[in-house]
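In: got a predicted structure plus its sequence, pasted below:
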Amino acid sequence: MKIAIVGGGVAGLTAAHRLRAKGYHDITVYERGASVGGKVCSYVHDGRAYELGALWSSPRYRIIGELAEQVGATRRADRLPAVLDHATTSTYARYLRNHYRLRDVGTAFVKLARTFLRYPVIRKPTLAGIPAAVCDDFDRFAGREGFQILADVSASFFTGCGYLQNDRVPAIYLMKMMHLFIDVLIVDVLGLKNTRIDIFDNGWQELWKAIAKDFDVRCSSTITQISRHTENGLTTTAITADDAAEVYDRLILASPLDTSHLFLDLRPDEHELFAKIQTHRYKVTLIEATSLPHASVVDHVPRTMAGHVNLIARQHRDADVFTIYQQIEDVVSEDDATALLFEDIAAMGVRDATVIAAKTWNYFPHVSTDDIRAGFYESMSALQGRYGTYYVGSVMNMETVEHTAQFSSELVDRYF
Ligand SMILES: Cc1cc2nc3c(=O)[nH]c(=O)nc-3n(C[C@H](O)[C@H](O)[C@H](O)COP(=O)(O)OP(=O)(O)OC[C@H]3O[C@@H](n4cnc5c(N)ncnc54)[C@H](O)[C@@H]3O)c2cc1C
């Protein structure tokens with residue numbers, strides 16, 4: 001069977017790797033960029049890797065752990081994220097102590113644990129079949145379930161990681177991330193050595209480059225047309241890229257689904273579903289500067305602060321190089337975002353910053369509470385395979401490397 005995968009990011013390469021493990025060999029990956037990785041994007045400066053895309057990994061990342069072991073990609077513990085509390089850098093443990101009563105925090109932990117037990121679907125690598133209650137916005141859901149304190153404390157972490165604000169995001173997406181934040185909190189509160197949050201020694205992109213080596217990956221390809229043709233119940237797919245056409249038995253779409261109309265002969269049901277996907281612009285800037293707080297998350301960023309700095313990470317403790325994250329959404333221009341960055345760090349006492357590199361992403365593909373309740377994910381599941389086409393990518397589960405890899409892996413196991 002001849003299989004084409006469009007998109008050489010985490011979703012596409014995990015699918016390719018899983019297909020190979022199941023005995024499929026005729027696999028071609030089309031990648032628009034000059035290199036594989038997509039939103040996993042490492043940048044080398046002064047001989048060291050810095051992340052312009054995905055930053056943190058976790059020992060909880062089972063698929064990533066297995067892949068890393070196979071190709072020999074090593075990780076090291078990162079400094080735990082901190083929070084800026086009224087302009088002072090604070091650990092999350094101190095933040096909890098300063099703002100809440102211990103007994104209330106304990107109760108919130110118990111209620112959160114109960115919520116995970118009540119909704120086991122949260123841990124599944126899919127979003128189909130989610131109960132309506134878990135589609136409310138995260139704040140409302142946490143309030144109802146009784147762990148509002150933990151939602152409040154996690155707000156700076158989630159916003160820092162680019163997932164908008166808790167009252168704008170269907171709870172199910174953030175619940176899939178919650179255990180990663182709780183890991184940070186527990187390590188912090190108990191004063192343990194960090195074993196929960198790590199980064200790749202030589203940059204996360206190396207992992208995906210190593211995996212891609214085994215495949216026919218066509219980087220820098222420009223797909224102009226994908227046409228699907230069904231005869232006697234069998235669909236074939238013709239892909240025209242760089243003026244040459246090739247025919248495949250199966251197509252896996254691992255590029256952003258909401259941009260598929262640029263080359264795919266979209267069917268009305270695909271068009272209707274893909275149009276519901278929302279993303280926002282998330283800017284990452286690598287700067288050289290002195291005296292910035294280390295790996296800190298600016299406290300609860302309200303919506304009116306679109307474009308302001310919401311996370312500062314320092315990937316090498318002995319280098320004055322910082323990665324700055326800003327949700328610029330659709331309201332702040334690139335230039336204004338740079339101006340805001342300089343304003344924000346000047347307020348922290350930094351006057352000597354220089355920009356090394358920057359990248360803006362269409363981040364966190366997701367759908368609204370109403371669209372999840374109206375059956376978006378059930379309809380996507382029903383679509384799988386209908387036109388000889390399968391759909392993967394972070395929108396199908398959650399915008400993290402592991403969740404994206406989980407969905408691809410599961411899809412291949414189920415349909416191939
Ligand atoms: C700034 C940032 C920080 C992040 N931090 C973390 C983190 O700390 N931890 C974590 O786990 N995750 C993190 N993530 C999320 C994680 O990187 C993504 O969830 C994951 O990489 C998504 O993979 P994907 O394959 O779905 O999408 P993508 O990475 O977007 O892959 C899609 C691929 O398709 C290609 N493509 C697009 N159009 C075409 C076309 N026409 N033809 C061919 N190819 C095409 C693209 O070039 C791309 O390579 C972060 C992401 C960003 C941007």
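Out: Alright, I've got the coordinates.

In: can you name every helix or strand that the helix or strand where Leu341 lies contacts?
Out: Using DSSP states H and E, Leu341 sits within helix 334-347. Judged by 3 or more CB pairs under 8 Å, 6 or more residues apart in numbering; DSSP states H and E, helix 334-347 is in contact with strand 278-288, strand 309-313, strand 321-327, strand 354-366. Every C-beta, even on glycine, is put in place using the N, C-alpha and C of the backbone.

In: within range of the ligand, give me the residues from the stretch 151-300 of the chain.
Out: Along the stretch 151-300 of the chain, the residues adjacent to the ligand under the rule CB under 6 Å from any ligand atom are 223, 254-256, 263, 282, 284.

In: buried sites along the helix holding Leu341?
Out: By 16 or more other CB atoms under 10 Å, the buried positions in helix 334-347 come out as 337-338, 340-341, 344-345.

In: check stretch 246-253 too.
Out: Quick answer for stretch 246-253 (16+ other CB under 10 Å): 248, 250-253.

In: can you name the residue of the stretch 151-300 of the chain nearest to the ligand?
Out: With CB to the nearest ligand atom as the measure, Ser255 is the residue of the stretch 151-300 of the chain nearest to the ligand, at 3.6 Å.

In: surely that residue is within a helix?
Out: No: going by DSSP: H, G, I helix; E, B strand; the rest coil, the assignment for Ser255 is coil, not a helix.

In: could you export stretch 341-350 as PDB, CA atoms only?
Out: The C-alpha atoms that make up stretch 341-350 are tabulated as PDB, following Å, rounded to 0.1, in the frame of the first residue of the first chain:
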ATOM      1  CA  LEU A 341       8.500  43.200  24.600                       C
ATOM      2  CA  PHE A 342      11.100  45.900  25.100                       C
ATOM      3  CA  GLU A 343       8.600  48.000  27.200                       C
ATOM      4  CA  ASP A 344       7.900  45.000  29.400                       C
ATOM      5  CA  ILE A 345      11.500  44.000  30.000                       C
ATOM      6  CA  ALA A 346      12.500  47.600  30.500                       C
ATOM      7  CA  ALA A 347       9.900  47.600  33.400                       C
ATOM      8  CA  MET A 348      11.900  44.700  34.800                       C
ATOM      9  CA  GLY A 349      15.100  46.800  34.700                       C
ATOM     10  CA  VAL A 350      16.500  45.500  31.400                       C
END
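
In: hmm, who's touching that stretch?
Out: With CB atoms under 8 Å, 6 or more residues apart in numbering as the test, stretch 341-350 has contacts from 87, 285, 287, 289-293, 308-309, 324, 326, 353.

In: from the chain's centre, how far out does it sit?
Out: 27 Å (CA atoms, centre = their mean, to the nearest Å).

In: out of the contacts of stretch 341-350, which comes closest to Ile182?
Out: The closest of the contacts of stretch 341-350 to Ile182 turns out to be Pro293 (CB to CB; 23.1 Å).

In: hmm, the closest one is touching Val83, no?
Out: No: here Pro293 does not reach Val83: they are 10.0 Å apart, not a contact under CB atoms under 8 Å.

In: which of the two has more neighbours?
Out: Neighbour totals were compared for Pro293 and Val83, and Val83 leads with 22 against 19 (other CB atoms under 10 Å).

In: if we can go back for a sec, in a markdown table, list the helices and strands packed on helix 334-347 along with mean pLDDT, distance to Ala405 and mean neighbour count.
Out: Shown next, in a markdown table, are the helices and strands packed on helix 334-347 (pLDDT from 0 to 100; distance: least, CB to CB, whole Å; neighbours: other CB atoms under 10 Å):
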| stretch | mean pLDDT | distance to Ala405 | mean neighbour count |
| --- | --- | --- | --- |
| strand 278-288 | 97 | 20 | 20 |
| strand 309-313 | 90 | 22 | 25 |
| strand 321-327 | 94 | 22 | 24 |
| strand 354-366 | 97 | 16 | 17 |
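
In: how about the ones you listed in a markdown table, adding distance to Gly160?
Out: Formatted as a markdown table, the helices and strands packed on helix 334-347 follow (distance: least, CB to CB, whole Å):
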| stretch | distance to Gly160 |
| --- | --- |
| strand 278-288 | 11 |
| strand 309-313 | 4 |
| strand 321-327 | 7 |
| strand 354-366 | 13 |
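
In: nearest to Lys176, out of those?
Out: Nearest to Lys176, of the helices and strands packed on helix 334-347 and by CB to CB, is strand 354-366 at 10.9 Å.
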